[in-house]
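Peer 1: need the 3D shape of this:
(one chain, ligands or ions: 2)
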Amino acid sequence: YKTLRLILGDQLNLQHSWYNERDSTVLYVIMELRTETDYVWHHIQKICAFFAAMENFADLLKSKGHEVLYLKLDNPSNRQNFEDNSEDLIKKYNIQKFEYQLPDEFRLDKDLRTFCDKLPIATQAYDTEHFYTDREELGSFFSGKKGLLMENFYREMRKKHNILMHGEKPVGGKWNFDEENRSKLPKKHKPNATILFDNNVQQQYDRIIEAKIKTIGTTNSAHFFWPIDRQQAIEMLNYFTKSCLPLFGTFQDAMHAEEWAIYHSRLSFAMNTKMLSPKEVVNAAIDSWEKSEKQITINQLEGFIRQIIGWREYMRGIYWLKMPDFEKMNYFNHQRKLPGWYWTGNTKMNCLKHSIKQSLDYAYAHHIQRLMITGNFALLAGINPDEVDFWYLGIYIDAIQWVEITNTRGMSQYADGGITGSKPYTASANYIHKQSNYCESCHYDRKEKTGDNACPFNSLYWNFHDLHRDKLSLNFRLSGVYRIWDKKSSEEREAILHQAGYYLDHLEEL
Ligand code: FAD
Ligand code: SF4
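Peer 2: Numbers count the residues shown, from 1 in each chain. Ligands and ions are numbered 1, 2, ... in the order given. Purely as a prediction, here's the structure:
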């Protein structure tokens, strides 16, 4: 072989130009590595899914005539990091050029650049050909402008890529249909059962157990339902556009104790591993909407498109603009430890119990559960963002740092001081009750702020805003919150803060 091409676990993009031609002098390598399995406690389903998808991708490339080496975790010659393994292969095959695709993760980007600087042979990095934007595009777009508002970036993306546009105007007359997309699931409404595959990942599971990798969550490896190849990813996309898109927007923010995915696409794993491209997903959704002849309303489609060309590309841009400083930000200087029940779901708070238990069972929670239940609580309770990141980076099937940290430390914890959001996402039981059925069977009373059974979200909400008054009260979006707080009698304020203090001292017991 003349050239060694490294494929990372989240670069399973069959449509990449690398694969346009077969070349027997090019050796592709895909590696299962301890450096990747051990940097946080990953959900067992997440590692199984990555390994299975990587192996399937290797087989697919082989079937198309490419030369591929798949290095398993338990291969005796596996030295468990990219550098040593690549060096061994370069020596073994007398390789003259090392090539890779730009990683999405800062850590790997740095490591690979350092590695290439040291190599005595030629090296080359390629774009992944996956995203709409390149790493620097968001930075250039906002350069010279005030703030980094997602909505402005999103509108630019719509115009630039001519997505849902009538000339210069947005289709439907509005850029944003959020207000129509906040319905609770009606009592007897049963969402379409979500598509589940029947994959067997026993071999991957056994390798992980054998290697004694520390994992979280549960799996029934004989019935593993995440998509692990491109065909399944496409099937999942088709299922979504047909069965979920028609109500995606309407119930986008709804939560339910018995429904873990509602109308969400669950395409994040397929997209983050690049088995599916965002363009394919966007085009499939638009196509389905067009063919539906107004059966699918514009608010369903726009709500979905915004997640992909807006939030997903935006978070990627913010990551490259703000890393590595971003991963150390702690605007509120929160220092508490994450309560132990985040790892078990054993809490009396019904919303947290369900959101955490389903995360452990499925390696999945949808956006509002992540943002307004687990994230909201961690923020109100003043948990150290390092601990919050550690949890989110491991538990979800789709968790990769570029999209995890921007959402967690940024959007959900406001530890970035307002880069990704114009105010912290906080809510009391009122909001949770409005969007879900969790409160109906909870140990705590959603209407109470103080007293033995008072919902912890209520006092912690006020405590948070009181505590961080110096940092938040000048934010005009929060003026209403401080107005309500200041109108309360000093006795009531004191009682609420006292209740919050008690809860904060007894977090483990909630
Ligand atoms: P859908 O609701 O069907 O949305 C469609 C797609 O839009 C998703 O697949 C995803 O690719 C994209 N999307 C939606 N919201 C966002 C967002 N805020 N940022 C980026 N992309 C978005 N997403 C991840 O992919 N990996 C993570 O590690 C991750 N961590 C998160 C942590 C927190 C605290 C929060 C609040 C959100 C996080 N998100 C993360 C964003 C979002 O919650 C998930 O992308 C989404 O829940 C995945 O489920 P889905 O595919 O069913 O999404
Ligand atoms: Fe959650 Fe409070 Fe509702 Fe219980 S009452 S489910 S703790 S918001």
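
Peer 1: got a list of what the residue in the stretch 51-200 of the chain positioned nearest to ligand 2 touches?
Peer 2: For the stretch 51-200 of the chain and ligand 2, the shortest gap (C-beta to the nearest ligand atom) falls at residue 184, measuring 13.2 Å. (Glycine included, C-beta is placed from N, CA and C.) By C-beta atoms under 8 Å, 6 or more residues apart in numbering, the residues touching residue 184 are 254, 434-437.

Peer 1: and with 6 Å instead?
Peer 2: Counting by C-beta atoms under 6 Å, 6 or more residues apart in numbering, residue 184 makes contact with 254, 435.

Peer 1: same check, this time on residue 501
Peer 2: Counted by C-beta under 6 Å, 6+ apart, residue 501 has zero contacts.

Peer 1: and the stretch 201-350 of the chain, which residues reach ligand 2?
Peer 2: Contact residues, the stretch 201-350 of the chain versus ligand 2 (C-beta under 6 Å from any ligand atom): 349-350.

Peer 1: run through the residues of the stretch 201-350 of the chain sitting next to ligand 1.
Peer 2: 264-268, 271-272, 307-308, 311-312, 315.

Peer 1: can you map out the strands along the stretch 1-150 of the chain?
Peer 2: Listed in chain order, the strands of the stretch 1-150 of the chain (DSSP state E, counting those that start in this stretch) span 3-7, 26-31, 42-43, 67-71, 97-101, 122-126.

Peer 1: adding mean pLDDT and distance to ligand 2, write the ones you listed out as CSV.
Peer 2: Formatted as CSV, those follow (pLDDT from 0 to 100; distance: least, C-beta to the nearest ligand atom, whole Å):
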stretch, mean pLDDT, distance to ligand 2
strand 3-7, 98, 43
strand 26-31, 98, 43
strand 42-43, 98, 23
strand 67-71, 98, 45
strand 97-101, 98, 43
strand 122-126, 98, 47
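
Peer 1: and those strands, which is most packed in?
Peer 2: Ranked by mean neighbour count, the strands of the stretch 1-150 of the chain are led by strand 42-43 with a mean of 26 (mean count of other C-beta atoms under 10 Å).

Peer 1: and that one, anywhere near ligand 1?
Peer 2: No. Using C-beta under 6 Å from any ligand atom, strand 42-43 never reaches ligand 1; the gap is at least 11.2 Å.

Peer 1: next one: stretch 425-444
Peer 2: No. Counting by C-beta under 6 Å from any ligand atom, ligand 1 has no neighbours in stretch 425-444; the shortest distance is 7.9 Å.

Peer 1: list the buried residues for that stretch?
Peer 2: For stretch 425-444, a neighbour-count test (16 or more other C-beta atoms under 10 Å) marks 425-429, 431-433, 435-439, 442, 444 as buried.

Peer 1: stretch 309-324 too?
Peer 2: 309-323.

Peer 1: same question for stretch 228-247.
Peer 2: Under 16+ other C-beta under 10 Å, the buried positions of stretch 228-247 are 228-230, 232-234, 236-237, 239-241, 244-247.

Peer 1: scan this protein for its longest helix.
Peer 2: Longest helix of the chain, by residue count under DSSP state H: helix 44-63.

Peer 1: mind checking the pLDDT average for that helix?
Peer 2: Mean pLDDT, helix 44-63: 98.

Peer 1: check which residues of that helix are buried.
Peer 2: Of the residues in helix 44-63, 44-58, 60-61 count as buried by neighbour count, 16+ other C-beta under 10 Å.

Peer 1: this completes my enquiry, with thanks.
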